[in-house]
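*Asks:* Fold the following and give me the result.
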Amino acid sequence: MSHARRAPRILIVDDDRALVELLSMRLEANGYEVLQEHGAAAGLARVGRDRVDVVLLDLRLGDGDGLEVLTRILQRSPQLPVIILTAHGSIETAVEAMRRGAYGFLTKPFHDHELLQKVAHGVESSSLRRQVAGLRRIVGGDDDGGIVGSSEAIERVRALIERLGPTDATVLVLGESGTGKELVARALHATSPRSERPFVAVNCAALPPELLESTLFGHVKGSFTGATADREGLFGAAHRGTLFLDEIGEASPMVQARLLRVLQERSYTRVGSNKEEKADVRVITATNRDLRAEVAEKRFREDLFFRLHVVPIHVPPLRARGDDVAVLAGLFLDRSAARHGVAPPVLSPEALAALRDHPWPGNVRELANVIEAAVLLAADGVVRPDHLTLQAPAEADGAGANAVAATVAVAGLRDPTVPLPTLREARDAFERAYLEAVLERTQGNVTQAAKMAGRNRTDFYDLIGRHKLSPTDFKKD
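*Replies:* Take a look at the predicted model:
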């Protein structure tokens, strides 16, 4: 799966309000979200309350000692990069701050490029530290992600991660939506020699083809309308690290061709440029599509398929993972209860049986959402079946599609007098009919339709766009 990523969040703690405003404008102009505090106590409170990626901390604060604030910040968040702001006369103090664990320091006055470079490195470090710490727990089975469990199916995935992680092999992660394919990619990165370098992820289905190309490979100023400056692509951002391409089956022929060249030549050019740039990047891809069928239908390049399919990892659907449902449900109960500040409820035997019997068309993602809702609904501390917001098969996508319609379709296909469509044609016909039914039931309300289909709005718009459906055609007067 893939989620929209928030802008990196920078906290500035400085009592010079004019400087704080100036720094905020510079950082926000470069895509950062900025939080401001003007005193030691307020800065410490903000660190304890909000998740931030980097702190810019002035050593001279009116209501406290900057070194003491640094120490207390690192006691609360040892992995949080803190960049010290200091004047020329306070270099010795800045050095002492480094000894106490500061990530770095900037001496006033400093240039924009110094600020942006130091902050960018801090953000990267913050992300990597969190990923490595969390993913090592995941690979060991101690976290609540999609690799938790002891079923035979998930143990095979874990064994492949342990074997392939330390290598530089290209890996194709296969599985239904919601099974945790990105989690597998992150675990591969965390156990690789590249683990201290960036892990960069992009959903190929979420961007138009022309935008995906420039996003991946970068562009030079003037190469197309709107290209007002040179931009580094994700291959550049992932240098010496890992690039994860989710929903690779949705990539356009142009992007497929360029990706094949990168994998073959280990180099690329930015859009609008002839200059070769080195691609020292491990590529991991994922899809919930049958790429062999896509190749047969000439929708996906055969040569690229074989380049990506060096070592596949099949992530099993939740319905194939036996007692892992109970284990994951328990972990999600604890996590959701902590998030909402309530005591973790217990699962009644009837609720547990209902969870085990459910087909889970939305897989682990669906289970997490069901458990979170149950935590909020179980006012007396016991989760019962009526607290479980389980989708009926007719409301779900993929494996949970309408059983009656499926039976009719199969019966028709078994009639020897009926000409057989290709598998792709049959899949597309059913998908279109399903989308029309969802849009009709919701009267063209895309938010409700996406929820009913178990997809996010971006994915749902992509689906209806592929079938040339318009929500407005289903609105009732």
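*Asks:* What about G362, how many residues nearby?
*Replies:* Neighbourhood size, G362 [other Cβ atoms under 10 Å]: 26. Placement of C-beta: from N, CA and C, glycine included.
*Asks:* For A18, pull up the helix or strand it's in.
*Replies:* Following DSSP states H and E, one finds A18 within helix 17-28.
*Asks:* now that helix: how far from the chain's centre is it?
*Replies:* 30 Å (Cα atoms, centre = their mean, to the nearest Å).
*Asks:* Following the chain onward from that helix, which element is next?
*Replies:* Immediately after helix 17-28, counting by DSSP H and E, sits strand 33-37.
*Asks:* And that following strand, what does it pack against?
*Replies:* strand 9-13, helix 17-28, helix 40-49 (3 or more Cβ pairs under 8 Å, 6 or more residues apart in numbering; DSSP states H and E).
*Asks:* rerun that using 10 Å as the cut-off
*Replies:* Helices and strands touching strand 33-37, by 3 or more Cβ pairs under 10 Å, 6 or more residues apart in numbering; DSSP states H and E, are strand 9-13, helix 17-28, helix 40-49, strand 54-58.
*Asks:* Which among those is found nearest to H314?
*Replies:* strand 9-13 (36.3 Å; Cβ to Cβ).
*Asks:* The closest one: partners in the sheet, and parallel or antiparallel?
*Replies:* Each strand paired with strand 9-13, and its direction, by DSSP bridges: strand 33-37 (parallel), strand 54-58 (parallel).
*Asks:* Quick check: buried residues in the helix holding A18?
*Replies:* Using 16 or more other Cβ atoms under 10 Å as the test for burial, helix 17-28 gives L19, V20, L23, S24, L27.
*Asks:* And this structure, what are its domain boundaries?
*Replies:* Domain segmentation of the chain under automatic domain parsing yields 9-129, 148-314, 318-390, 398-474.
*Asks:* Give me the distance between the two termini of the longest one.
*Replies:* Its first and final residues considered, domain 148-314 spans 15 Å by Cα to Cα, to the nearest Å.
*Asks:* for that domain, the distance to its chain's centre please.
*Replies:* The answer for domain 148-314 is 13 Å, by Cα atoms, centre = their mean.
*Asks:* so what's V262 up against?
*Replies:* Neighbouring residues of V262 by Cβ atoms under 10 Å, 6 or more residues apart in numbering: L216, F217, F235, L243, Y268, T269, E277, A279, V281, V283, R307.
*Asks:* isn't the first one right up against S252?
*Replies:* Which is L216. No: using Cβ atoms under 10 Å as the test, L216 is too far from S252 to be in contact (11.1 Å).
*Asks:* shared neighbours of these two, anything?
*Replies:* The contact sets of L216 and S252 overlap at C204, L207, R258 (Cβ under 10 Å, 6+ apart).
*Asks:* residues near the last one, how many?
*Replies:* For R258, the tally of surrounding residues (other Cβ under 10 Å) stands at 18.
*Asks:* mind checking how far it is from T225?
*Replies:* 20 Å (Cβ to Cβ, to the nearest Å).
*Asks:* Number of residues surrounding G180?
*Replies:* 25.
*Asks:* how much space between E213 and V200?
*Replies:* In terms of Cβ to Cβ, E213 sits 16 Å off from V200.
*Asks:* how about the strands of the stretch 101-250 of the chain, start to end?
*Replies:* 104-107, 171-174, 199-203, 242-246 (DSSP state E, counting those that start in this stretch).
*Asks:* how about these in JSON lines, adding distance to H314 and mean pLDDT?
*Replies:* Output for the strands of the stretch 101-250 of the chain, formatted as JSON lines (distance: least, Cβ to Cβ, whole Å; pLDDT from 0 to 100):
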{"stretch": "strand 104-107", "distance to H314": "43", "mean pLDDT": "84"}
{"stretch": "strand 171-174", "distance to H314": "5", "mean pLDDT": "95"}
{"stretch": "strand 199-203", "distance to H314": "20", "mean pLDDT": "91"}
{"stretch": "strand 242-246", "distance to H314": "16", "mean pLDDT": "94"}
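*Asks:* mind listing the helices for the stretch 201-350 of the chain?
*Replies:* Along the stretch 201-350 of the chain, the stretches classed as helices by DSSP state H, counting those that start in this stretch are 209-217, 234-237, 253-265, 291-296, 302-308, 324-340, 349-357.
*Asks:* Listing request: residues of this protein with sub-threshold pLDDT.
*Replies:* The model of the chain has pLDDT under 70 over residues 1-6, 88-91, 127-146, 391-426, 477.
*Asks:* Of the helices and strands packed on strand 33-37, which is nearest R289?
*Replies:* Among the helices and strands packed on strand 33-37, the nearest to R289 by Cβ to Cβ is strand 9-13 (34.6 Å).
*Asks:* okay, the angle between that closest one and helix 17-28?
*Replies:* Computed by axes from the mean of the first three to the mean of the last three Cα atoms, to 10 degrees, the angle separating strand 9-13 from helix 17-28 equals 170 degrees.
*Asks:* May I have strand 9-13 as CSV, with CA atoms only?
*Replies:* Output in CSV follows, covering the C-alpha atoms of strand 9-13 (Å, rounded to 0.1, in the frame of the first residue of the first chain):
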residue,chain,number,x,y,z
ARG,A,9,7.8,19.2,10.2
ILE,A,10,10.4,21.6,11.6
LEU,A,11,10.1,23.1,15.1
ILE,A,12,11.9,26.4,15.6
VAL,A,13,12.6,27.4,19.3
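*Asks:* Now find how far off-centre that strand is within its chain.
*Replies:* Mean-position distance between strand 9-13 and its chain equals 23 Å (Cα atoms, centre = their mean).
*Asks:* try stretch 384-391
*Replies:* 27 Å.
*Asks:* Tell me where the stretch 51-200 of the chain has helices.
*Replies:* Taking DSSP H, counting those that start in this stretch as the criterion, the stretch 51-200 of the chain carries its helices at 66-76, 91-99, 112-139, 152-164, 181-190.
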